[in-house]
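**Q** let me see the structure of the following:
(chains A and B)
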Protein chains: 2
Amino acid sequence: MTKKEEKADYNEKPRQELVKLGQNVIKEINQQKNPKIDLPVRGLSNVIYDKDSKTLTLGDKMAERFFFNVAHAKKFLQTIEVAAICKSLLDVKKHASLRDVFYMAKRTIPNTKINLVDEQKESDKAIEDLELITNFSREHLHVNANKMGSVAGKVIIEDMGDTIDWSRLGSGGWSIPSNVEDITFKKVDAEYVIYMEKAAVWERLHEDRFWAKHNCIIMSSQGQTTRGIRRLLQRLSTEHKLPIYVLADCDVWGWYIYSVIKYGSISLAHMAEEMAIPSVKFLGVTCDDIEKYDLKKHFIKLTDQDTSRMKQMQQYEWFVKNKDWQRQFKLMKEFGAKVEIQALSSRGITFISERYLPEKIKGKMWID
Amino acid sequence: MTKKEEKADYNEKPRQELVKLGQNVIKEINQQKNPKIDLPVRGLSNVIYDKDSKTLTLGDKMAERFFFNVAHAKKFLQTIEVAAICKSLLDVKKHASLRDVFYMAKRTIPNTKINLVDEQKESDKAIEDLELITNFSREHLHVNANKMGSVAGKVIIEDMGDTIDWSRLGSGGWSIPSNVEDITFKKVDAEYVIYMEKAAVWERLHEDRFWAKHNCIIMSSQGQTTRGIRRLLQRLSTEHKLPIYVLADCDVWGWYIYSVIKYGSISLAHMAEEMAIPSVKFLGVTCDDIEKYDLKKHFIKLTDQDTSRMKQMQQYEWFVKNKDWQRQFKLMKEFGAKVEIQALSSRGITFISERYLPEKIKGKMWID
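**A** Residues are numbered from 1 along each chain as shown, chains lettered A, B, ... in the order given. Here you go, the predicted structure:
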C-alpha cells in the first residue's frame, strides 16, 4: 500500500465501521427485531490495571443498548445521531470540536418537545461510546479535542502539504494541533523528549537553546495535557523509540500528569492502547531534589486538597507496589509541603538548563 | 540607525532607565537624604478614559515612595530588588516569567526573619511600578507574560534568526510567544486580522483555509488574550495598518475581550499606548446575528453573574455613549439569554467560514 492509499484507508476504515453500525440497526428493523447496540461497560467496575501492558484498560463486561427500552431509547438515538454526524464529517473530510458536535446534534425530535441532546456531556458520552463501538479514537472519527501547546527540536514533519522544521520556528515554536494523526515524521534527529506542564518553563529552555545543545525535543502545554499532545508523545515513543521525560512541579498534581501520560486515565481507559506510554519517566521535580538543590526555603504548605488527593493516589494499583513512588509520597508527607519547578530560578535564571536538567539526565535521576 | 543598532538600543534603553533609578537612590544616600522613588498613582482614582485617544490611561496624580517610612520601606526595597533582577536579565539577554522573578526576589533579609517578598503579587506589583518608572513595558524589561495561542496567514516574519512563513505551518500554525517585541515582519500580504477567543474556532477556519481564500490572518488564544497576542495585534494594526476584527461569543465576557483589546484594561491603564488598539471592531456574535441566523433555539439563560457584569459594563464610560453597544446590551437583556459562537455549527460545519463571516465582512456588519 502506498502512503497515499494508507491515508485514504485511514479515512475510510472508521467510516466503514460507522456504516456497519447503521446497517446492523437497519437489518434488525427489517427483521422486526428490537434494534440493539453492543458495547463494553465503562466506568470503574470494568476498568482494570493490566500488569503486562502496564496500562489501564477496559475489562470484558459487555452491555446491550436497546431502542425499545424506556431507559435506553434516548441514549440509543443519541448514539445513532452522533454516528451520523461523524460519518458526515468523514464524508466531507472536515473535523469538528466536541462543542460543534453538540450543536450539530441539538434539535427537537419532530412532533415532540424533547431535545435529542440537552447538554454537551450527552453528545460527549455518545462519542466515547462510538470510540468503543468502532474501535477508532474520536480523532479518527474527525472529532477534535482542545488545541494547546508548543514544540521545538530537531524534527522535520509534513502536515497538510507543508514541510515544517521544528528547529527553525523562532521564539514561538510549532503550535500543536488538536489532532496529530495525519502528520508524517520526515526526519527525527533527537535523542529524547522532555514534556513540561508549564509554558514558561518551555520558554526558559527554548531561550537557552536546550534542545539544540542536548539534541532533544521540548514540548509543553499550559495547564492540561491535551489529547493532541499525548498522541504526539506516543507517536514519538512508538514510531521513533524516543524516551519521554516528564518535568512538572513537585506536588501530587504534577505527579498525576505523569501518571496519566504513562498509564492512561480512568475516563479514557478504553483508549489506553493509543494513549498510554508505559516507558515514560518522571524527571522531576522530586522530593530528593528539594534536599539536593536546597529548595526547602521555597516550601509551600500542603492544602487539605493536596493531602486527600495524595492519599487517593498512593493507593492506586500502579503506585502501591512502586517503592520509588511510595518513598516520594512518604517524603512529601513528612515535609508537609510541595515545591514548584520555578523555585529552581532562585538558583539563577539558567540553573535549570545548565545544571539541573543535564545533571539529572546524565545521572539517570528519574523515577519510573 | 541600522536595524541591528536599533535592536541593541532596544535592549540598552530600558537598562539605562534602571541604572538611572539606582543612581538616583545612591545620590540621595550620599547627600544623606531620605531616598525616594517618584511614581504615578495607579488604581481607579487615577485611571481616566481619554476621549481623544479613545483609550484608558493614567492621570497626573503622582506619589512618592520613601525608604525611611515604615509604610513604604518594604515596597521601596522590593522595587529596588526587582529592578536589580531586571537589570541582570537585560545584562545577560535572558527573559524570565513573573513566577521566576518572584523566586529570584524571594529571600530572607540578612539578620532578620523578614522575607523580601512573601507572595508573587508583591513582585508583580514591583514590576508594574517599574513599567511606570522606566516607561518601558515589562516585556522590554525582559519579564514575560504567559505564552498561548496560534496564528496563520500570508505573513513572513524573522525571529531569533529564523525566517517563518505563517502560511506554511501545517494544521498547527505558529505558536505565539509571550514576547513579540523582537520579531520583524518581512512580508505582510494580508488585508485584515480576525482574532478569536476559542482555539476550536481557529481550527475550523484553518481547516477551511479561510485565511488563504480571504487573504487575512487568523489568530486565537484559548481562554485569555495574553499580552503577547495583544502586542502582536497592535503591531499589525500600527505597523501594517491592518483592520483587526474580534470574533467571540455573544455574551458579556466575549464582549469584554473586545473591550480590553480596543480600550485597554483598568489594571494596565499605564500600558494603554503599547497595548490598546482603538480601531478594533467587534465582528460577532451580536444579538442581531441571533435573529438573522436563527440561533434563538440555542439560547443559554443568563446567570446572575452575567446580569450583574452586564450592568457594570453598560456603565463604562466608553460604552455609555455608544448607541450601538447600548442597543446590544438592551437586546441581550430582553432575550435574557446569550449564545455561543459554536451554535453556528448547527447550521453546518462550514457555515461560519462559507457564509457567516464572508457575509458579515462584506456587509460591514461589525460594531465599533
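
**Q** right, and the helix or strand after the top helix by length along chain A?
**A** Looking across chain A with DSSP state H, the single longest helix is helix A:3-30. Next helix or strand after helix A:3-30 toward the C-terminus (DSSP states H and E): strand A:36-40.

**Q** direction-wise, compare the longest helix of chain A with strand A:36-40 and give the angle.
**A** Orientation check (axes from the mean of the first three to the mean of the last three CA atoms, to 10 degrees): helix A:3-30 against strand A:36-40 gives 130 degrees.

**Q** just the mean pLDDT for helix A:3-30, thanks.
**A** Here helix A:3-30 scores 84 as its mean pLDDT.

**Q** now it, how far from the chain's geometric center?
**A** Average the C-alpha atoms of helix A:3-30, do the same for its chain, and the two points are 25 Å apart (CA atoms, centre = their mean, to the nearest Å).

**Q** does chain B sit close to that helix?
**A** No: figure legend: helix A:3-30 not in contact with chain B (CB under 8 Å from any CB of the partner chain); closest approach 13.9 Å. Placement of C-beta: from N, CA and C, glycine included.

**Q** report the contact partners of the residue nearest to residue A:17 when sequence neighbours are not counted.
**A** Spatial nearest neighbour of residue A:17, excluding adjacent residues (CB to CB, 6 or more residues apart in numbering or on different chains): residue A:134 at 3.7 Å. Contact analysis of residue A:134 by CB atoms under 8 Å, 6 or more residues apart in numbering or on different chains lists A:14, A:17-18, A:21, A:140-141.

**Q** what do you get if the cut-off is 10 Å, keeping everything else the same?
**A** Applying CB atoms under 10 Å, 6 or more residues apart in numbering or on different chains to residue A:134 gives the contacts A:13-18, A:20-21, A:83, A:86, A:140-141.

**Q** do the same with residue A:109
**A** By CB under 10 Å, 6+ apart, the contact list for residue A:109 reads A:74, A:77, A:81, A:115-116.

**Q** how much space separates it from chain B?
**A** Going from residue A:109 to chain B by CB to the nearest CB, to the nearest Å gives 13 Å.

**Q** and that residue, its phi and psi?
**A** phi -70, psi 130 (degrees, to the nearest 10).

**Q** could you dump the contacts of residue A:134 into CSV with neighbour count added?
**A** What follows is the contacts of residue A:134, written out as CSV (neighbours: other CB atoms under 10 Å in any protein chain shown):
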residue, neighbour count
A:13, 14
A:14, 23
A:15, 20
A:16, 13
A:17, 19
A:18, 23
A:20, 12
A:21, 19
A:83, 24
A:86, 27
A:140, 21
A:141, 26
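
**Q** of the residues you listed, closest to chain B?
**A** Ranked by distance to chain B (CB to the nearest CB), those are led by residue A:86 at 11.3 Å.

**Q** isn't the closest one up against residue A:130?
**A** Yes: look at residue A:86 against residue A:130 with CB atoms under 10 Å: they come within range, at 6.5 Å.

**Q** follow-up on the earlier one: mind listing what's buried in the longest helix of chain A?
**A** For helix A:3-30, the neighbour count (16 or more other CB atoms under 10 Å in any protein chain shown) marks A:14-15, A:17-18, A:21, A:25 as buried.

**Q** for it, packing partners?
**A** Counting contacts by 3 or more CB pairs under 10 Å, 6 or more residues apart in numbering or on different chains; DSSP states H and E, helix A:3-30 is packed against strand A:36-40, helix A:73-92, helix A:120-134.

**Q** what about the strands in the stretch 251-368 of chain A?
**A** Remark: strands assigned in the stretch 251-368 of chain A by DSSP state E, counting those that start in this stretch are A:281-284, A:300-301, A:337-338.

**Q** model confidence over the last one, on average?
**A** When pLDDT is averaged along strand A:337-338, the result is 96.

**Q** run the chain-centre distance for it.
**A** 27 Å.

**Q** same question, the longest one
**A** Going by CA atoms, centre = their mean, the spacing between the C-alpha centre of strand A:281-284 and its chain's C-alpha centre is 17 Å.

**Q** on that earlier part again, so for residue A:186, which of the helices and strands packed on helix A:3-30 sits nearest?
**A** helix A:73-92 (26.3 Å; CB to CB).

**Q** for the closest one, name the packing helices and strands.
**A** With contacts defined as 3+ CB pairs under 10 Å, 6+ apart, helix A:73-92 has these neighbours: helix A:3-30, strand A:36-40, strand A:62-66, strand A:96-97, helix A:98-105, helix A:120-134, strand A:143-144.

**Q** what pLDDT does the closest residue to residue A:261 other than its chain neighbours get?
**A** Using CB to CB, 6+ apart and skipping the chain neighbours, the partner closest in space to residue A:261 is residue A:280 (5.3 Å). pLDDT recorded at residue A:280 is 97.

**Q** was I right to think residue A:280 contacts residue A:259?
**A** Yes: assessed by CB under 10 Å, residue A:280 is found in contact with residue A:259 at 9.3 Å.

**Q** what do the two both touch?
**A** With CB under 10 Å, 6+ apart as the test, residue A:280 and residue A:259 both reach residue A:246.

**Q** tell me which of the two has more neighbours.
**A** Counted by other CB atoms under 10 Å in any protein chain shown, residue A:280 and residue A:259 do not tie: residue A:280 has more neighbours, with 24 against 21.

**Q** same for the lowest-mean-pLDDT helix or strand in chain A, what does it pack against?
**A** Ranked by mean pLDDT, DSSP states H and E, the helix or strand of chain A with the weakest confidence is helix A:272-275, at a mean of 78. Using 3+ CB pairs under 10 Å, 6+ apart, the elements in contact with helix A:272-275 are strand A:47-50, strand A:55-58, helix A:227-240, helix A:252-263.

**Q** does the longest one reach chain B?
**A** Pointing back at helix A:227-240 there. Yes: counting by CB under 10 Å from any CB of the partner chain, contacts between helix A:227-240 and chain B involve residue A:228.

**Q** next, the angle from that helix to helix A:252-263.
**A** For helix A:227-240 against helix A:252-263, the angle by the same axes, to 10 degrees is 50 degrees.

**Q** whatever helix or strand comes next after helix A:227-240 pairs with which strands?
**A** Sequence-wise, the next helix or strand downstream of helix A:227-240 (DSSP H and E) is strand A:244-247. Using DSSP bridges, strand A:244-247 pairs in its sheet with strand A:192-196 (parallel), strand A:281-284 (parallel).
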